[in-house]
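Asks: Would you be able to build a 3D model of this:
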Amino acid sequence: MKFRLKIFLLLLTVSIIPILLVEIISYYDNERIITEHTLKNLKFFIEKEKENISIVINSHFTELNLISNRIALLQSIENYNNFRTTQNQEKLNEILNTLKNILDNANKISITDLNGKILASTKSAEINQNQPYERFDERKKSEQITVDFTLTNEGHPVILFSKILMIGTNQIGIIFAEFELPEIFGDINANTLGKTGEFSIAKRITENEALLIYPLIIEEGVILKRTISMERDSIPIIQAMMKNEDQFLNLANLQNEPILAVTGYIEEVEWGIAANINKSEIFTSLQFSLLVLVFVFIIISISVVLLAVFFSKTIAKPINEIVNASNQIAQGNLNVRLDIKTKDELNALSDSFNEMIESLKKKIKIEEELEDSKNQLRDERINTIGMLSAQIAHDIKNPLHTIKNSIEIIKNKHLSNEIIIREINRIDRGATRIAHQVEDVLNYINTTYANFTQVSLLKILQSTMETLKIPEQIEVTSPKNDLVVECDAEKIESVFNNILLNAIHAIGNNKGQIKIRISQKENEAIIEFENTGPNIQEDVLPRIFEPLFSTKEKGTGLGLVSCKSIIERHEGIITASSSPVIFKISIPIKH
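Replies: Modelled structure (predicted):
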């Protein structure tokens, strides 16, 4: 398969991803719109029902207050309480029945004494019986109109309004008005909420329990036993009982099904109300979109996995081989070869890569041959110069001895003549400098060794120090320890002499220090010369061991070169560093 086709397949697969993203965004946007619309409908329903119930409740409150404030009724109750005669009771019932038309929608109206005995009732059969209201004792504690739910003697659920009757500050009885539930909730139509829509009403009956009053789709006689723990705050009606009038997205109904809910609270009767609908119903229209999303996601996932496996074998693996080969070439390995067997552009790239490697090998070989030729030519030139220099140095060395001996004779004969002595000393210094330069040339040219013997490094250093003229302003710190090494003592002394002279010249007329240290690392003897002279410049440091390179005006450029040559012939290493200036020599203790 052509590389282009592979890339096309990859891009085609990747192009499906934006479509999936658009579908996901569209899905969640539709979900948001449906959620907002549903909550808006639930809130409208709650507010409407809250208003309707409040109107009915307040209307009955007004009617019950009209009855309970009738003077004739209150006097009749007081007369009966004082003189419990049949005549007084009949009079009380007569007055109560005349007032019934004020609460014409009530099933019955009854008046009890403070012990719960029915004194008068619009249903005469109940007179002198006890009021079946189970929370009668709690009712006497409040002088406000209360609304509660109870069962009749026949087990029928009803809404019970009640109020304490008083003359002055004295309680004389309690009036009860009983209503059928449809009288209060007759206009509620929960079907408008949907198939799974629910409208609930509850009242707290204890600190930890609430009584579910509505809906009425419950078996007869069971409704008042539908209690819910206040701890179940994931249920909307409990949120309503906690006076949290809000919209909820993540609550559950009594069957623990996820729902959307809106809650309210009716202060007059301390009822909580809640409307909710199952999410499964309102999001039914989105199920097809969800299935499409899942299907597309599965297709893309499978395609990506298959393409990943395919490309890892046909593209990623060959590319990794090319990268690894490139890294090996960068590290200097030109023996690597690519062996990519594909039928696309990567195969041609592999062949071109191998051809490039062969071309690099040829170029490097040519460069190496050129470098060898240059080195050979340079060595030949240096050897020729060296032979000529050695001959010249040898020819100069003998006359220098004659000059120096003659200088000593003249100095001894004219010790009292300052002018002659000054000039003689100047001649002596020039001869010494020439002798030193001649020695550098001979050390560089001379590649033979007299012999290798076991020698003390400390003794070589002491011998070197004795032959040097060290200025008074320079302090030399010699090592206290010692090592015996197998070396050519004369050549090593020449190296020490050269390094110390360079240090003395570097410090010059300034006050300074030269520290010499001897240490051992396995079979290596390490000698370090540290001086306080100026630091070696960064551009000079890499070249100080090159032949004929010198920073001194009168230097030959062969001193450190001969040191390096001597140390290397001892199978050792000499290095230099700056800040501070340290020359470090490492030679084997035994060869």
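
Asks: Pretty sure residue 576 sits in a helix.
Replies: No. With DSSP: H, G, I helix; E, B strand; the rest coil as the criterion, residue 576 is strand rather than part of a helix.

Asks: care to break the protein down by domain?
Replies: Following automatic domain parsing, one gets these domains for the chain: 69-183, 189-282, 291-359, 449-588.

Asks: Of all these, which one is nearest residue 52?
Replies: domain 189-282 (10.6 Å; Cβ to Cβ). Where you see a C-beta, it was placed from the backbone N, CA and C, and this is true even at glycine.

Asks: so for the closest one, what's the average pLDDT?
Replies: Per-region confidence: domain 189-282 scores 81 on mean pLDDT.

Asks: So residue 266 sits against residue 50, correct?
Replies: Yes. The pair formed by residue 266 and residue 50 meets the contact definition of Cβ atoms under 8 Å, at 6.0 Å.

Asks: shared neighbours, these two?
Replies: Residues touching both residue 266 and residue 50 by Cβ atoms under 8 Å, 6 or more residues apart in numbering: residue 273.

Asks: Looking at the two, which one has more neighbours?
Replies: A count of neighbours by other Cβ atoms under 10 Å puts residue 266 above the other of residue 266 and residue 50, at 19 against 16.

Asks: Contacts only, for that one.
Replies: Residue 266 makes contacts with 50, 53, 54, 57, 272, 273, as judged by Cβ under 8 Å, 6+ apart.

Asks: can you tell me which of those lies nearest to residue 562?
Replies: residue 272 (106.9 Å).

Asks: element containing that closest one, please.
Replies: strand 271-278 (DSSP states H and E).

Asks: coming back round to it: where among the domains of the chain is average confidence lowest?
Replies: domain 291-359 has the lowest average pLDDT among the domains of the chain, namely a mean of 73.

Asks: State the three-state secondary structure for residue 150.
Replies: Going by three-state DSSP: residue 150 is strand.

Asks: what comes up buried for stretch 254-268?
Replies: Within stretch 254-268, the residues that count as buried by 16 or more other Cβ atoms under 10 Å are 259, 260, 261, 262, 263, 264, 265, 266.

Asks: Just the buried subset of the contacts of residue 266, written out for PyMOL, thanks.
Replies: PyMOL command restricting those to the buried ones, with burial defined by 16+ other Cβ under 10 Å:
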select buried, resi 50+53+57+272+273
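
Asks: any chance of the contacts of residue 266 in TSV, plus distance to residue 520?
Replies: Shown next, in TSV, are those (distance: Cβ to Cβ, whole Å):
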residue	distance to residue 520
50	99
53	104
54	104
57	107
272	94
273	97
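
Asks: Stretch 480-495: end-to-end distance?
Replies: In terms of Cα to Cα, to the nearest Å, the two terminal residues of stretch 480-495 are separated by 20 Å.

Asks: for stretch 133-151, same thing?
Replies: 8 Å.

Asks: Dump the C-alpha coordinates for the helix or strand that residue 109 is a member of into PDB.
Replies: Residue 109 is part of strand 108-112, with elements assigned from DSSP H and E. C-alpha atoms of strand 108-112 as PDB (Å, rounded to 0.1, in the frame of the first residue of the first chain):
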ATOM      1  CA  LYS A 108     -69.100  17.700  59.600                       C
ATOM      2  CA  ILE A 109     -68.400  20.300  62.300                       C
ATOM      3  CA  SER A 110     -68.000  19.200  65.900                       C
ATOM      4  CA  ILE A 111     -67.100  20.800  69.200                       C
ATOM      5  CA  THR A 112     -65.400  19.000  72.100                       C
END
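
Asks: Tell me which strands that strand pairs with, and in which orientation.
Replies: strand 118-121 (antiparallel), strand 170-180 (antiparallel) (DSSP bridges).

Asks: Looking at the buried residues of stretch 254-268, spot the one nearest residue 253.
Replies: Nearest to residue 253 among the buried residues of stretch 254-268, with distances taken as Cβ to Cβ, is residue 259, at 5.2 Å.

Asks: For the host helix or strand of residue 34, give the mean pLDDT please.
Replies: Using DSSP H and E, residue 34 sits in helix 3-68. Taken as a whole, helix 3-68 has an average pLDDT of 81.

Asks: which helices and strands does the helix or strand following that helix pack with?
Replies: Using DSSP H and E, the next helix or strand after helix 3-68 towards the C-terminus is helix 71-82. Helices and strands touching helix 71-82, by 3 or more Cβ pairs under 8 Å, 6 or more residues apart in numbering; DSSP states H and E, are helix 86-99, strand 157-167, strand 170-180.

Asks: returning to that earlier point: just the residues contacting the strand holding residue 109, thanks.
Replies: 67, 77, 92, 96, 99-100, 103, 118-123, 126, 131, 165, 173-178.

Asks: Those residues, buried ones only, as a ChimeraX selection?
Replies: In ChimeraX, this line selects whichever of the contacts of strand 108-112 come out buried by 16+ other Cβ under 10 Å:
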select :67,77,92,96,99,103,118,119,120,121,122,126,131,165,173,174,175,176,177,178
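
Asks: ok so, going back, and the next helix or strand past the strand holding residue 272?
Replies: Immediately after strand 271-278, counting by DSSP H and E, sits helix 279-282.

Asks: mind saving the C-alpha coords of that next one as PDB?
Replies: C-alpha atoms of helix 279-282 as PDB (Å, rounded to 0.1, in the frame of the first residue of the first chain):
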ATOM      1  CA  LYS A 279     -35.300  11.500  33.600                       C
ATOM      2  CA  SER A 280     -35.900   8.300  31.600                       C
ATOM      3  CA  GLU A 281     -39.100   9.800  30.300                       C
ATOM      4  CA  ILE A 282     -38.000  13.400  29.500                       C
END
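
Asks: Centre of the chain to that helix, how far?
Replies: Here the centre of helix 279-282 is set off from its chain's centre by 39 Å, with Cα atoms, centre = their mean, to the nearest Å.

Asks: do stretch 296-306 as well
Replies: Mean-position distance between stretch 296-306 and its chain equals 29 Å (Cα atoms, centre = their mean).

Asks: Can I get the helices and strands packed on helix 71-82 in JSON lines including distance to residue 326?
Replies: As requested, the helices and strands packed on helix 71-82 are exported to JSON lines (distance: least, Cβ to Cβ, whole Å):
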{"stretch": "helix 86-99", "distance to residue 326": "107"}
{"stretch": "strand 157-167", "distance to residue 326": "88"}
{"stretch": "strand 170-180", "distance to residue 326": "92"}
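
Asks: among the ones you listed, which is nearest residue 351?
Replies: Residue 351 lies closest to strand 157-167 among the helices and strands packed on helix 71-82, at 93.4 Å (Cβ to Cβ).

Asks: Buried residues of the closest one, list them for me.
Replies: Neighbour counts over strand 157-167 (16+ other Cβ under 10 Å) mark 157, 158, 159, 160, 161, 162, 163, 164, 165 as buried.

Asks: And stretch 83-91, by the same measure?
Replies: Burial within stretch 83-91, assessed by neighbour count using 16+ other Cβ under 10 Å, is assigned to 88, 89, 91.

Asks: Equivalent analysis for stretch 415-432, please.
Replies: 424, 427, 428, 431.

Asks: element containing residue 545?
Replies: Residue-wise, residue 545 maps onto no helix or strand under DSSP H and E.

Asks: For it, give me its contacts.
Replies: Residue 545 touches 560, 561, 563, 564, 574, 576, counting by Cβ under 8 Å, 6+ apart.

Asks: I'd like the distance between the first one and residue 361.
Replies: Meaning residue 560. Computed as Cβ to Cβ, to the nearest Å, the residue 560 to residue 361 distance reads 37 Å.

Asks: between those two, who's got more neighbours?
Replies: Using other Cβ under 10 Å as the criterion, residue 560 and residue 361 rank with residue 560 on top: 23 against 12.

Asks: Could you verify my assumption that the more buried one touches residue 498?
Replies: Yes. The criterion here is Cβ under 8 Å, and residue 560 meets it with residue 498 at 7.0 Å.

Asks: that older thread, and the angle from the strand holding residue 109 to helix 71-82?
Replies: Here the directions of strand 108-112 and helix 71-82 differ by 50 degrees (axes from the mean of the first three to the mean of the last three Cα atoms, to 10 degrees).

Asks: Perfect, that will be all.
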